[in-house]
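Student: A predicted structure for the sequence below; I have some questions about it.
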Amino acid sequence: MLTNEQQVQFTRLWTESQPVVSQYVESLVHDVWAARDIVQNTSVALLLKFEQYDPSRPFLPWAMGVAKFEILSNRRDLARSRIICDPDLLEQYTAAWVEISPQVGDEALALRHCLSRLETRQQELLRLRYVENLKSEDIATQMGRTATNIRTTLHRVRLALRRCIEGQLPQRGAIS
Amino acid sequence: MNEPEKTLLDHWMEGTLTDQEELRLEQWLKEDPQNMRQFVTANIREQHLKEAVRSLYHANEVHQKVEPKSSQSSVALPRRASLALGIALTLFVALWFVLPSRSPGVQVNVIAMSDAKLAGVSGSLSVGQMMSLGSFRLESGSMELMLPRSVRVEFIAPVEAVFVDDTHLQLIEGRLSADVGRGGEGFTVLTAAGRVVDQGTSFGLEVEREGEARVAVFSGSIEFHPADTMSSREVVTLTEGEALKFSARNGLRRWQQVAIEADRLGLSRVATQGVVREVHDNLGEGDLRPFYAVLPQGMKPGALAFNDKPNPVWEAEPGKPFPMWLEGADLIRTYYNFRYIEDYELTLVLNKPADVYLLVVSQGHIPDWVQDRFEPTGESIRAGTWHPTMGTHPAATATPNGPYLKFAIWKCEAEAGPLTLGAPLEYRVPGIQSLMYGLAVKAKSSP
């Protein structure tokens, strides 16, 4: 049973790490609902194991390790099974995520700003892709274009966003 | 990354990799550790983009939903049709409350509970249990649940509520404290008087059945969207340290005194009849929203000092113990930004005789009312850390973590009933920086 102090500490650490863990899980598990289940199970597992956590060590790698095991025990997303099922690759992927994620964390704020500056039709394309979760083929059918054309446009939008973010970051004093 | 790998990455992100492509991607990742770094970086950026697009879209959606309806359409509607529509709506609302919910339920995890008795759930509840919860009634105790999208909610009995879906909860009666992490923004609690829409925060909400509702924000911010029945349709944003009462009968009013837990962000689990019955100031209801937090037995090292300051906490002075007679007193967290109001008054209504402790910055200006009614105990504690600019204050001591300020403890033996305190600075004194006082109350032990 956790003490009140431990519960407060857990809340603080998990609130800080949860966005990174969620993004990591969603990158590997294609099904949004399965990904949410895994994050939820991870948070419960972390809470139940929190007494074993060594506070002298960083919380994020520990949380990611638990999330990795939750993914392994929940291989529902067969489309991604090759990387998930290769223990070495999954280990490298997780370690790289822990290392790189904080380095690009500053980009998220700049990204929101840049996103609002896109043209309406570009925003609509991104909405279909990320809110409606449509694949390029489905978007193409809906917009009367080809899938290749949609992929190329998405590339251009991402590229435009990258340029915009890079232009924003030095102004914000962030690490580029 | 070359063109073939870019295509592989596109297909990976879309979830449309063929077996052959998956094999090629696997080989490419194994070729060079740098490839894995590129792959992970691209994936992190893709997740950032996905999150930002969804957030932008949901913000627009909320904005569109709360746009006031065109007044022309209601004027043009014939009176009889309006009446019929009104009756139909009333029946719908009545049925909504009376009939059991047909909500399919939301998957929740029980992460903590205390003497919880949940009506309509067979078997006993246990921590770690996952269940589908739609309409429910918590008859006793408290129960903390983890909802989808990193939303943690603690319910304090008696509670009657319905999970409409993952992001909407209808609270018919009861108290809850919600802690909403990133990804959970937009979590909405529906009450008879309006909707509380979370913006990534922790807040507490109390709802009386078909009556008044009260919301207090402990960190971050929320939006309150009044129901159609409210006289004002203006959306109100509340931030850290602010609270509001709302009801169809009385509209929106300030909620001045909020009982919260001493060791976590949340409403008090127990409706205490402590020594402090009431706390209010003379600033009125107006557009003000700040509240005073009352923490039963909350005065101890590490307790947050002010309601609108996230950092400074009360601590013992270096090398000294925390005064035993002060520890365990009921803590009243005052509002730091009221420090410059010269005619400010704060009234405590006490249930029984008590020692009232006033924590006044030292060295600093001692108002006349303090010197008249309080006695110095000769003891002091400190609060910190503060913003580095506070380092120039005469009461400040610099530490590697930031400045701390020393507060002298003054004491007044008060009888049951009202006790009115004054402003920290009753008039402008050249060169003196006003600083809000802290407050703690301890009931006198029975003879």
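Tutor: Structure's in. What do you need?
Student: Residue A:164 is in contact with residue A:114, correct?
Tutor: Yes: if you go by Cβ atoms under 8 Å, residue A:114 and residue A:164 touch, sitting 3.6 Å apart. For the C-beta atoms, the positions are set from N, CA and C on the backbone; glycine is no exception.
Student: Dig out what residue B:203 forms beta bridges with.
Tutor: Counting by DSSP bridges, residue B:203 forms beta bridges with residue B:178, residue B:217.
Student: measure it to chain A for me?
Tutor: Look at residue B:203 and chain A: by Cβ to the nearest Cβ, to the nearest Å, they are 14 Å apart.
Student: need the contact list for that residue.
Tutor: By Cβ atoms under 8 Å, 6 or more residues apart in numbering or on different chains, the contact set of residue B:203 is B:177, B:178, B:196, B:215, B:216, B:217, B:218, B:220, B:222, B:238.
Student: May I ask which helix or strand of chain A has the lowest mean pLDDT?
Tutor: helix A:81-85 (a mean of 68; mean pLDDT, DSSP states H and E).
Student: so which strand or helix has residue B:360?
Tutor: strand B:354-361 (DSSP states H and E).
Student: from the chain's centre, how far out does that strand sit?
Tutor: 26 Å (Cα atoms, centre = their mean, to the nearest Å).
Student: Stretch B:35-51 too?
Tutor: Counting by Cα atoms, centre = their mean, stretch B:35-51 comes out at 33 Å from the chain centroid.
Student: Are that stretch and chain A in contact anywhere?
Tutor: Yes: counting by Cβ under 8 Å from any Cβ of the partner chain, chain A is contacted by stretch B:35-51 at B:36-37, B:39-41, B:43-51.
Student: among these, which one has the lowest pLDDT?
Tutor: Lowest-confidence member of the residues of stretch B:35-51 next to chain A: residue B:51, scoring 83 (pLDDT).
Student: Got the phi and psi for that one?
Tutor: phi -60, psi -40 (degrees, to the nearest 10).
Student: so it sits right up against residue A:115, yeah?
Tutor: No: with contact defined as Cβ under 8 Å, residue B:51 does not reach residue A:115; the gap is 10.6 Å.
Student: tell me the domain ranges of chain A?
Tutor: Split into domains by automatic domain parsing, chain A comes to A:1-101, A:117-176.
Student: Out of those domains, indicate the one that is most buried.
Tutor: Comparing the domains of chain A by mean neighbour count (mean count of other Cβ atoms under 10 Å in any protein chain shown), domain A:1-101 ranks first with a mean of 17.
Student: What's the separation between the one residue sitting closest to the centre of chain B and residue B:267?
Tutor: Closest residue to the average C-alpha location of chain B: residue B:203 at 2.4 Å, with Cα atoms, centre = their mean. Per Cβ to Cβ, to the nearest Å, residue B:203 is found 9 Å from residue B:267.
Student: can you list residues touching both of those two?
Tutor: When contacts are counted by Cβ under 8 Å, 6+ apart, the set common to residue B:203 and residue B:267 consists of B:177, B:216.
Student: Please pull up the helix or strand immediately following the strand holding residue B:360.
Tutor: Following strand B:354-361 toward the C-terminus (DSSP H and E): helix B:368-373.
Student: Mind telling me what element the closest residue to residue A:160 other than its chain neighbours is part of?
Tutor: Sequence neighbours aside, residue A:118 is the residue nearest to residue A:160 in space, at 7.3 Å (criterion: Cβ to Cβ, 6 or more residues apart in numbering or on different chains). Counting by DSSP H and E, there is no helix or strand that carries residue A:118.
Student: Provide a list of residues in contact with residue A:118.
Tutor: A:126, A:157, A:160, A:161.
Student: For it, grab phi and psi.
Tutor: Dihedral pair for residue A:118: phi -70, psi 160, per degrees, to the nearest 10.
Student: what's the pLDDT at it?
Tutor: pLDDT, residue A:118: 86.
Student: And for residue B:412?
Tutor: Looking at residue B:412, its pLDDT is 96.
Student: May I have the secondary structure class of it?
Tutor: For residue B:412, the assignment made with DSSP: H, G, I helix; E, B strand; the rest coil gives strand.
Student: Does it touch residue B:350 like I think?
Tutor: No: the pair residue B:412 and residue B:350 does not pass the contact test of Cβ under 8 Å, sitting 11.0 Å apart.
Student: hey, what's in contact with both of those two?
Tutor: B:356, B:419.
Student: Looking at these two, which one has more neighbours?
Tutor: It is residue B:350, of residue B:412 and residue B:350, that has more neighbours when counted by other Cβ atoms under 10 Å in any protein chain shown, with 20 against 17.
Student: For that one, list the residues it contacts.
Tutor: B:275, B:276, B:277, B:356, B:414, B:415, B:416, B:417, B:418, B:419, B:441.
Student: 7 Å - rerun?
Tutor: Residues near residue B:350 by Cβ atoms under 7 Å, 6 or more residues apart in numbering or on different chains: B:275, B:276, B:277, B:414, B:416, B:417, B:419.
Student: picking that back up, return the list of helices and strands in contact with the strand holding residue B:360.
Tutor: Counting contacts by 3 or more Cβ pairs under 7 Å, 6 or more residues apart in numbering or on different chains; DSSP states H and E, strand B:354-361 packs against strand B:404-414, strand B:438-443.
Student: Show me what it is in contact with.
Tutor: By Cβ under 7 Å, 6+ apart, strand B:354-361 touches B:275, B:326, B:329, B:366, B:370, B:374, B:381, B:395, B:405, B:407-414, B:419, B:435, B:437-444.
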